[in-house]
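Peer 1: just a sequence and a predicted model for now, questions to come.
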Amino acid sequence: MLRRILLAIAAAGALTSAAQAHGIWTAQRHGDLAIVYGHGAGDEAYRPDKVKSAVSHLVSGETRDSKIQHQAKNALVEPAPDAVALTVTFDNGIWTKGPDGKSVNRPKSQVTGAQSASRSIKINTTILKPGAPLKPAGTDLEIVPLVDPLSLKMGDDLPVQVLSGGQPLAGVPLYVDYVNDGHARSSKTDADGKVTLFVRNDGLNVIGVSHAKIAPDNAEIDQTSYFATLSFTLPHGED
């Protein structure tokens, strides 16, 4: 009952926010691992060259490059055979808000009467198998699980830490179930960037967080906006 009340409060608070961030995550599509771009249940087309890197993490802590396969409207990824986690970086380019309040995918200098401009970077870490190293991937923004998510079940507590540039990021709420309930937010991270969530789904789980960094003395953008996700899928039994 308490958790239902907390979820209702989080959802109501999130509806007051004007920003609706898009993120990326990975999910199975017809037997392949696809890089999904969207918000909530949305699964939108994108230029596959926006996927800039895909790094496999091994249980030893070593990393390997992953194979990115460009499709017509998206990209697939093939992790290393022994990968236990995967980190994908997606550069969505510069988005400038014009005088009419609408954003276009062009630099500030190319938009007459531009109000503001932001470079949009999306980052995802997927836990693929049990035993993934519980350590930072070294990206600009990330959600680090403090216990192995694949050792848990639906309803279990999941403590995480949010890092920006390798440092704890305090005072930010997380999207607790980004795909199925895109408005619900957690309480804010503490001084160490930590917050305890719980596993929402018996299946795909995607957790998100956003953060922006001001870009001073840059004629093309005012800030760089990051949206990071942590995803994992609890295994189903054989049908």
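Peer 2: Perfect, thanks for sending it. Quick caveat: nothing in here was measured; it's all calculated off a predicted structure.

Peer 1: just the helices in the chain please.
Peer 2: 2-14 (DSSP state H).

Peer 1: longest strand in it, by number of residues?
Peer 2: In the chain, taking DSSP state E as the definition, the longest strand is strand 83-97.

Peer 1: pairing partners for it, with directions?
Peer 2: strand 51-58 (antiparallel), strand 103-104 (antiparallel), strand 116-127 (antiparallel) (DSSP bridges).

Peer 1: closest one to residue 75 among these?
Peer 2: Nearest of those to residue 75, taken as Cβ to Cβ: strand 51-58 at 4.7 Å. The way it works is simple: take the backbone N, C-alpha and C, and place the C-beta from them, glycine included.

Peer 1: now that closest one: buried residues?
Peer 2: Buried residues in strand 51-58, defined by neighbour count with 16 or more other Cβ atoms under 10 Å: 51, 54-58.

Peer 1: in the longest strand of the chain, what counts as buried?
Peer 2: For strand 83-97, by 16+ other Cβ under 10 Å, it's 83-90, 92, 94-97.

Peer 1: cool, stretch 122-133 as well?
Peer 2: Here stretch 122-133 shows 122-128, 132 as buried, counting by 16+ other Cβ under 10 Å.

Peer 1: again with stretch 60-72
Peer 2: So stretch 60-72, judged by 16+ other Cβ under 10 Å, has buried residues 63, 66, 68.

Peer 1: measure the residue nearest to the first one when sequence neighbours are not counted to residue 139 for me?
Peer 2: The shortest distance from residue 63 to any residue other than its chain neighbours is 5.2 Å, reached at residue 55 (Cβ to Cβ, 6 or more residues apart in numbering). Residue 55 sits 9 Å away from residue 139 when distances are taken as Cβ to Cβ, to the nearest Å.

Peer 1: got any residues that touch both of the two?
Peer 2: Shared contacts of residue 55 and residue 139, defined by Cβ atoms under 8 Å, 6 or more residues apart in numbering, are found at residue 87.

Peer 1: was I right to think the residue nearest to residue 63 contacts residue 80?
Peer 2: No. Using Cβ atoms under 8 Å, residue 55 is not in contact with residue 80; the gap is 9.3 Å.

Peer 1: shared neighbours, these two?
Peer 2: Common contact partners of residue 55 and residue 80 (Cβ under 8 Å, 6+ apart): 64-66.

Peer 1: with distance to residue 143 added, can I get these in CSV?
Peer 2: What follows is the shared contacts of residue 55 and residue 80, written out as CSV (distance: Cβ to Cβ, whole Å):
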residue, distance to residue 143
64, 22
65, 23
66, 20
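
Peer 1: export those to JSON lines and tack on distance to residue 114 and pLDDT?
Peer 2: Putting the shared contacts of residue 55 and residue 80 into JSON lines (distance: Cβ to Cβ, whole Å; pLDDT from 0 to 100) gives the following:
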{"residue": "64", "distance to residue 114": "41", "pLDDT": "96"}
{"residue": "65", "distance to residue 114": "37", "pLDDT": "94"}
{"residue": "66", "distance to residue 114": "37", "pLDDT": "97"}
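
Peer 1: perfect, that will be all.
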